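> Build the 3D model from these lines:
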Amino acid sequence: MVTKVSLRKALGEVRDTLARLSDHLEDLIDLGDFWEIARRYAVTNSFDSILMLLGIILGGYFGGIEEPSVILKLILAGTLSIFFSGSLGTYISERAERELKVRELERAVLMTLDETFISEMERRKAILIALASGGIPSILVMTLSISFKICELGLIEIKLSYTLSILQALLLLFIMGFYLGSLSGGKRLSYALFTLGAGLLLLVMMIWLGV
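Numbering: from 1, shown residues only. Below you'll find the predicted structure:
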């Protein structure tokens with residue numbers, strides 16, 4: 001026989017379950033969190049990628065490589081590595097994190113959510129974040145090949161190509177730092193000088209080591 005106490009208890013359990021479901025859904029559908037994660041991956045990988053390509057270009061310069069086609073192939077190889085490493089690595093980690101969120105939601109609502117809108121949305125979020133993580137850095141570093149392509153066409157000298165590409169890389173680092181400073185609400189110039197300083201430090205170390 002159903003009593004008022006048992007009915008009240010059952011209704012309370014349903015209310016608590018719905019409250020938990022609402023909280024989890026808010027976290028899952030929160031696009032602000034999605035954009036924040038995508039931006040963080042993109043900026044971090046871009047910083048790493050620009051420094052890596054700057055090192056490759058400096059290595060070509062100090063190594064006496066005077067064929068622009070060789071540098072172009074190195075930049076292309078580096079760009080592909082950055083894309084696959086950034087995209088696949090991020091996808092694996094994000095997919096695992098988002099599957100964990102779905103499993104937590106399943107425990108809260110006591111039902112499976114496989115092949116549902118929620119699981120599909122989380123899968124697509126992981127894919128988009130991965131593409132931003134690998135795609136944006138790849139596009140940025142690929143622009144460092146422009147001066148060498150112009151040199152390959154015979155319009156400028158190889159030394160000028162190196163100079164322009166190195167300056168472009170340093171400029172990208174400066175702009176990235178300025179952007180990070182604007183996000184943090186802090187001193188934008190301080191951030192910009194810090195990221196620029198990382199590139200200059202790499203240049204000084206390669207000169208000092210005689211690379």
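> ok, which stretches of this structure are helices?
Under the criterion DSSP state H, the chain contains helices at 4-29, 31-62, 68-109, 117-142, 146-152, 158-184, 188-209.
> and those as JSON lines, adding mean pLDDT and mean neighbour count?
Every residue, glycine included, has its C-beta placed from N, CA and C. What follows is those, written out as JSON lines (pLDDT from 0 to 100; neighbours: other Cβ atoms under 10 Å):
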{"stretch": "helix 4-29", "mean pLDDT": "50", "mean neighbour count": "12"}
{"stretch": "helix 31-62", "mean pLDDT": "86", "mean neighbour count": "18"}
{"stretch": "helix 68-109", "mean pLDDT": "83", "mean neighbour count": "17"}
{"stretch": "helix 117-142", "mean pLDDT": "84", "mean neighbour count": "20"}
{"stretch": "helix 146-152", "mean pLDDT": "95", "mean neighbour count": "19"}
{"stretch": "helix 158-184", "mean pLDDT": "91", "mean neighbour count": "18"}
{"stretch": "helix 188-209", "mean pLDDT": "90", "mean neighbour count": "15"}
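> In contact with A132, which residues?
Applying Cβ atoms under 8 Å, 6 or more residues apart in numbering, one finds that A132 lies in contact with 38-39, 41-42.
> Out of these, which comes closest to F62?
Distance to F62 across these (Cβ to Cβ) is lowest for A42, with 30.2 Å.
> Which residue lies closest in space to the closest one, excluding its sequence neighbours?
In this structure, A42 finds its nearest non-sequential neighbour in I136, 4.3 Å apart by Cβ to Cβ, 6 or more residues apart in numbering.
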